[in-house]
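1. next comes the sequence, and after it the predicted model I'd like to discuss.
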Amino acid sequence: VPNKVLTLVLIREEYRILLGMKKRGFGVNRWNGFGGKVEAGETIAQGAKREVEEECGLTLTEFEEVGRIDFEFVGEPQILEVHIFRGDKYEGKLQETEEMRPKWFALDAIPFHSMWPDDAYWFPIFLRGSKFKGYIKFEGHDKILDCSLEELETT
Ligand SMILES: CN1CCN(c2cc(NC3CC3)nc(N)n2)CC1
């Protein structure tokens, strides 16, 4: 079964990061970056930019892919291949949408208890500006069975 390619964008400033409270669908009631599926005819980066616009109204003007994590769920054949981007510059007005309620968080107050459990493992790598790739196996949506993360270059 081919991987399901998804995007995740974390817009980060010097001392704060933009997250959104997911209001419906996969990951509902958790804070997360912005992202979704990659559509036919668009690159992964174009898909990332599109999802940010759709979910919070901002237009990314500078962003780069910094990580990739393959997620497996016990009992499900399809792997989620999540491409993670750091958003550096943006334009537009931040707005709540049907999908997401955006909010800035201080880097020392990231609400990990209300996020996907894996975030506590890879956010520290992301925040120190490194690139990374990993594999994380879940049982259900709350239990991590295996986690392997490799830090690549330090940007
Ligand atoms: C549209 N996407 C969905 C997947 N996603 C995930 C997934 C994730 N863990 C995986 C066990 C689910 N952890 C974060 N932080 N984001 C990014 C947004």
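-> Nice, I can see it.

2. for this protein, which helix is longest?
-> helix 44-56 (DSSP state H).

3. so where do the helices sit in this protein?
-> So, for the chain - with DSSP H - the helices run 44-56, 119-127.

4. who are the packing partners of the last one?
-> Put plainly, it is helix 119-127. strand 59-73, strand 80-91, strand 130-139, strand 143-154 (3 or more Cβ pairs under 8 Å, 6 or more residues apart in numbering; DSSP states H and E). Where C-beta positions appear, they are placed from N, C-alpha and C, glycine not excepted.

5. other residues contacting that helix?
-> Contacts with helix 119-127, where a contact means Cβ atoms under 8 Å, 6 or more residues apart in numbering, come from 10, 12, 32, 66-67, 69, 84, 86, 107, 110, 112, 132, 134, 136, 144, 147, 149, 151.

6. what's the most buried one of the helices of the chain?
-> helix 44-56 (a mean of 20; mean count of other Cβ atoms under 10 Å).

7. and that helix, average pLDDT?
-> Computed over helix 44-56, the mean pLDDT rounds to 98.

8. could you see whether the ligand lies near stretch 95-107?
-> No: Stretch 95-107 stays clear of the ligand (Cβ under 6 Å from any ligand atom), getting no nearer than 10.0 Å.

9. now the helices and strands packed on helix 119-127 in CSV, with mean pLDDT and distance to residue 17?
-> As requested, those are exported to CSV (pLDDT from 0 to 100; distance: least, Cβ to Cβ, whole Å):
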stretch, mean pLDDT, distance to residue 17
strand 59-73, 98, 13
strand 80-91, 98, 10
strand 130-139, 98, 16
strand 143-154, 93, 19
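
10. quick one, which of these is nearest to residue 40?
-> strand 80-91 (15.9 Å; Cβ to Cβ).

11. kindly report the residues of the chain close to the ligand.
-> 6, 8, 26-27, 32, 35-36, 71, 80, 82, 116, 118-119, 138.
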